[in-house]
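J.: Dropping a prediction and its sequence here:
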Amino acid sequence: MSKNALVSFKGTKNINTEIQLTGSKSECNRALIISALSKKLVKVENLSNAADTVTLNGILNNLEEELEVEIKESKTVDVGPAGTAMRFLSAYLSAKNGNFLLTGTERMKQRPIGILAEALKTIGADISYAEAEGFPPLNIIGPLNQKTAEVKIKGDISSQYISALLMIAPILPQGLTLEIEGELTSKPYVDMTLDMLAEVGITHVWTGNSISIKPQAFKPGTLVVEPDWSAASYWYSIAALAEEAEISLPALKDKSLQGDSQIQKIMKIFGIATSKTEKGIAISNLGLSLDTKEVLDLKTCPDLAQTIVVIAAALGKNMAFTGLETLKIKETDRIAALQNELAKIGVTLTEDNLVYTLNTDNLHFPDKITIATYEDHRMAMAFAPLALLINEVEIEEMQVVEKSYPFYWEDLKKAGFEIGIK
């Protein structure tokens, strides 16, 4: 049975704590695929304990021995709610020997995969849709018989489609050249993939909208995963909503492969400073929140959107945002989810020609609020810090945080929050 978290914060809203964050889910999931493609020549350190990473690691370990022999019977590979695993495994299994049914939760079956599947089919993969056209589950028979080394893919869709293709490129007989059509959103995640490949000897050429990777061997090495900047974003939120804050986050790098490290720059708008320390970084509330008419573009860091929108709403800032196009196909329709839950504090988020405007003129804080999570970990973690402004915040389905930040509630307790369970 799902449990709800009752979050409150008694006494002065003064946060002074050190939080050791789990490894980056984005880096971990790429590192695991790269390690599997290298046949374990590449080792991975500081693996995340996030549910998505645990799922992907378990699947790859289970498949390791079976992929070396011919699998005649179809093998079901169930990723559950792990979207990254679905996308990365679609490409990975296409390049491997076997007959697979790649599936997931009911919500996963509603999340489009057609652009990636069709790109793989263009290359030569044997993929068909087991149920609805363009959506999981996928029937995959590998290894693919490469027909071409060139494939076009839209740039304004999930960067995970592009990363999935780039990671299998070195083991394809002809390598791969991706021609990205239109503007590339979430570019930092593509950069992350290419940088991690480069760490283990895989070179690429990026000219204009074209990325090419030739067939080449992985070099032995170790990918050391940095802590998760997405998880760090919730501590920036806490710092912004507290009266005073000094929060240490060990092992984070101010110059990071992770696109979500942009939170450092974005949070200056809300008066939050980031400083480098011997151990990692420290964040503090300077009490210098700025009014801005700037339209904030989040296309390169969409996973920060819920956090930033909720912070702006709670601080009564009327702001506008762009780059939120991919939010509708995430764990839930994140735009609709934000609109529903922000309405509970009198705030609206409206869209006009891909510009999303936040209106806080009717902002009010009830004594207690109940937040629905829509099976989305980021809804839970973005709204829980409101307990610094509202006497009690009830978060439905508190276990959803396991997807990316399993120790979120325990870490909140370290910082002085009280967590009850209903």
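T.: Alright, I've got the coordinates.
J.: Checking the most centrally placed residue in the chain next. Helix, strand or coil?
T.: Against the mean C-alpha coordinate of the chain, by Cα atoms, centre = their mean, the closest residue is residue 303 at 5.6 Å. Three-state call for residue 303 (DSSP: H, G, I helix; E, B strand; the rest coil): helix.
J.: What mean pLDDT does the helix or strand where residue 128 lies get?
T.: Element membership for residue 128, per DSSP states H and E: strand 126-129. Confidence for strand 126-129, expressed as mean pLDDT, is 97.
J.: What strands flank that strand, and is each parallel or antiparallel?
T.: Using DSSP bridges, strand 126-129 pairs in its sheet with strand 138-142 (antiparallel).
J.: Contacts for the helix or strand of the chain with the lowest mean pLDDT, please.
T.: Across the helices and strands of the chain, mean pLDDT, DSSP states H and E gives its lowest value to helix 51-66, namely a mean of 89. The contact list for helix 51-66 (Cβ atoms under 8 Å, 6 or more residues apart in numbering) reads 23, 25, 28-29, 32-33, 35-36, 47-48, 75, 77, 79-85, 88-89, 96, 98, 402-404, 406. Where C-beta positions appear, they are placed from N, C-alpha and C, glycine not excepted.
J.: try 7 Å
T.: Helix 51-66 has contacts (Cβ atoms under 7 Å, 6 or more residues apart in numbering) with 25, 28-29, 32, 36, 47, 77, 79-80, 82, 84-85, 89, 402-404, 406.
J.: May I have it as PDB, with CA atoms only?
T.: In PDB, the C-alpha atoms belonging to helix 51-66 read as follows (Å, rounded to 0.1, in the frame of the first residue of the first chain):
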ATOM      1  CA  ALA A  51      15.700   2.600  -8.500                       C
ATOM      2  CA  ASP A  52      16.200   3.300 -12.300                       C
ATOM      3  CA  THR A  53      19.900   2.600 -12.000                       C
ATOM      4  CA  VAL A  54      19.400  -0.500  -9.900                       C
ATOM      5  CA  THR A  55      16.900  -1.800 -12.500                       C
ATOM      6  CA  LEU A  56      19.200  -1.200 -15.400                       C
ATOM      7  CA  ASN A  57      22.200  -2.700 -13.600                       C
ATOM      8  CA  GLY A  58      20.200  -5.800 -12.700                       C
ATOM      9  CA  ILE A  59      18.900  -6.300 -16.300                       C
ATOM     10  CA  LEU A  60      22.400  -6.000 -17.800                       C
ATOM     11  CA  ASN A  61      23.900  -8.400 -15.200                       C
ATOM     12  CA  ASN A  62      21.100 -10.900 -15.900                       C
ATOM     13  CA  LEU A  63      21.700 -10.600 -19.700                       C
ATOM     14  CA  GLU A  64      25.500 -10.800 -19.600                       C
ATOM     15  CA  GLU A  65      25.800 -14.500 -19.900                       C
ATOM     16  CA  GLU A  66      22.700 -15.100 -22.000                       C
END
